[in-house]
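*Asks:* sequence-free structure coming up:
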């Protein structure tokens, strides 16, 4: 593989690692000095001290609470709306098991990604893969991540349009039966995208912390409505007060293989948040292993509880008549409800869910834009070491400087080689050195999101408008969100959520010297979960392709 600056490192007799590179003095205060955190932090810079001094670390502004809600808000996206049908397909008992398995695998995947980042100095999902498998792998995974998140953003747009169009029509007093056809869904979506532009132009998840708080509170409203309605129907059923003969709840059901393979990817996709966890770690105050484990544990646990209640409540409310998107079961017509109070509960729930999706869209949008900019960033860095592209890079680089009107004085002379060094590790297995893949350690002063390519105003605003435009066009050309989810497929979700994190962890952790803090038990666990993930991706994708559309 080609390195920016290749510096050999090796393990001495007592198993410690020697770097021929002077690391930052701040790392000496790290409770785990072997971790390569970007930016470095001091163990004495705790939150109590910052609060007492009424100051905030500009490099790491996020508290434990902000980091936790950032991750929760990433998880609680549009996928939660499809969870009730998973209960209908597999019954309550089996779906409960599926959700516990997905939550555990998600937790381990997130923790292992954080460990990979600490071992390698990587500050993004793509850089973790780069450390394990090389520069081309970084470009490839960012391309996959960019495509996947583009589909997700388009799906969010479809859901926002479908949820808010009837609500806006009610507010304006227009319905589909009117001569003009009622409110245009595409126009409603345009309005919301204009409203969201200031959020989409933000550069960090920390800046979207209020989106996370409001979105979390909003989704609880619909969850409360579903749970209340579901248990009310169960109460009426047991007291013989339910008139619907088609209503059926199956607690213990042995699902068919096709139903199980349909439901499990839905549940797994609902937990997908791996593309944001390293951004949270990069901005967390005192990002010790313990504090990151707390964020991941609390986020996955809280999301599991809320999504379980949401899915169970939706299933108990509508039974076997539940649709792929639970909002399709919720009528906006007041005459459809015998109890007017129940109508208002679900009306507020629909508004709450719509609010959640609107505010959650930027949380998925930012990592997609970062993936695109990382591809550009890697190309600029790589071109410094290829004579045949140096001239092209020089022209492009000068163009970025020329059109960047808000460029700081220190940026005028910056070159890409100033931003990163890459250190190639020495394989621990000397006998098989020629056949052993070498991992790398990235040395940075700041995370990749602080590279010039990311800070350049032309690229930042231009890429934002570009992504919004083509996702909007895609969202207005499809019939519904189910079309987008079928195009994404379960394979991409498995690949991003589990296969890449587990495979990268195995490769990077095996490079840690024995006798240090290498996690041999986790390596074995990662191999098992990697095998399960690969089998799950193949089987679920085959089931999806072989099923009728």
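*Replies:* Looks like it arrived, so ask away. This structure is a prediction, so every number in the text was calculated from the model and none was measured.
*Asks:* farthest residue from the center of the protein?
*Replies:* Relative to the centre of the chain, the most outlying C-alpha is that of residue 240, 45.0 Å out, by C-alpha atoms, centre = their mean.
*Asks:* could you confirm it falls within a strand?
*Replies:* No: per DSSP: H, G, I helix; E, B strand; the rest coil, residue 240 lies outside any strand segment and is coil.
*Asks:* how near is it to residue 251?
*Replies:* Distance of residue 240 to residue 251, computed by C-beta to C-beta, to the nearest Å: 19 Å. The way it works is simple: take the backbone N, C-alpha and C, and place the C-beta from them, glycine included.
*Asks:* buried stuff in stretch 315-329?
*Replies:* 315, 316, 317, 318, 319, 322, 323, 325, 326, 327 (16 or more other C-beta atoms under 10 Å).
*Asks:* host element of the closest residue in space to the first one that isn't next to it in sequence?
*Replies:* It stands for residue 315. Spatially, and ignoring its direct neighbours in sequence, residue 315 is nearest to residue 87 (3.7 Å; C-beta to C-beta, 6 or more residues apart in numbering). In the assignment (DSSP states H and E), residue 87 maps to helix 83-120.
*Asks:* for that helix, what is the distance to the chain centroid?
*Replies:* 13 Å (C-alpha atoms, centre = their mean, to the nearest Å).
*Asks:* neighbours around the nearest residue to residue 343 once chain neighbours are set aside, how many?
*Replies:* Of all residues beyond its chain neighbours, the one nearest residue 343 is residue 337 (3.9 Å), with distances taken as C-beta to C-beta, 6+ apart. Residue 337 has 16 neighbours, counted by other C-beta atoms under 10 Å.
*Asks:* hmm, residue 337 is touching residue 345, no?
*Replies:* No: the pair residue 337 / residue 345 is not scored as a contact, 9.3 Å apart, by C-beta atoms under 8 Å.
*Asks:* which residues do the two both contact?
*Replies:* Between them, residue 337 and residue 345 share no contacting residue under C-beta atoms under 8 Å, 6 or more residues apart in numbering.
*Asks:* now the helix ranked longest in the chain: mean pLDDT?
*Replies:* Scanning the chain for the helix with the most residues, using DSSP state H, yields helix 340-383. Taken as a whole, helix 340-383 carries a mean pLDDT of 83.
*Asks:* same deal with stretch 232-241?
*Replies:* Stretch 232-241 comes out at a mean pLDDT of 76.
*Asks:* any buried residues in it, and which?
*Replies:* Across stretch 232-241, burial judged by 16+ other C-beta under 10 Å covers 232, 233, 237.
*Asks:* and the angle from the helix or strand where residue 306 lies to helix 340-383?
*Replies:* Following DSSP H and E, one finds residue 306 within helix 289-318. With axes from the mean of the first three to the mean of the last three C-alpha atoms, to 10 degrees applied, the angle from helix 289-318 to helix 340-383 works out at 140 degrees.
*Asks:* show me what helix 289-318 is packed against.
*Replies:* When contacts are defined as 3 or more C-beta pairs under 8 Å, 6 or more residues apart in numbering; DSSP states H and E, helix 289-318 packs onto helix 64-75, helix 83-120, helix 209-238, helix 274-283.
*Asks:* quick check: angle from the shortest one to helix 83-120?
*Replies:* Spelled out, it's helix 274-283. For helix 274-283 against helix 83-120, the angle by the same axes, to 10 degrees is 50 degrees.
*Asks:* tell me the angle helix 274-283 makes with helix 64-75.
*Replies:* 170 degrees.
*Asks:* could you list the low-pLDDT ranges of the stretch 151-300 of the chain?
*Replies:* Low-confidence segments of the stretch 151-300 of the chain, defined by pLDDT under 70: 174-182, 241-246.
*Asks:* swap the cut-off to 50 and go again
*Replies:* 179-180 (pLDDT under 50).
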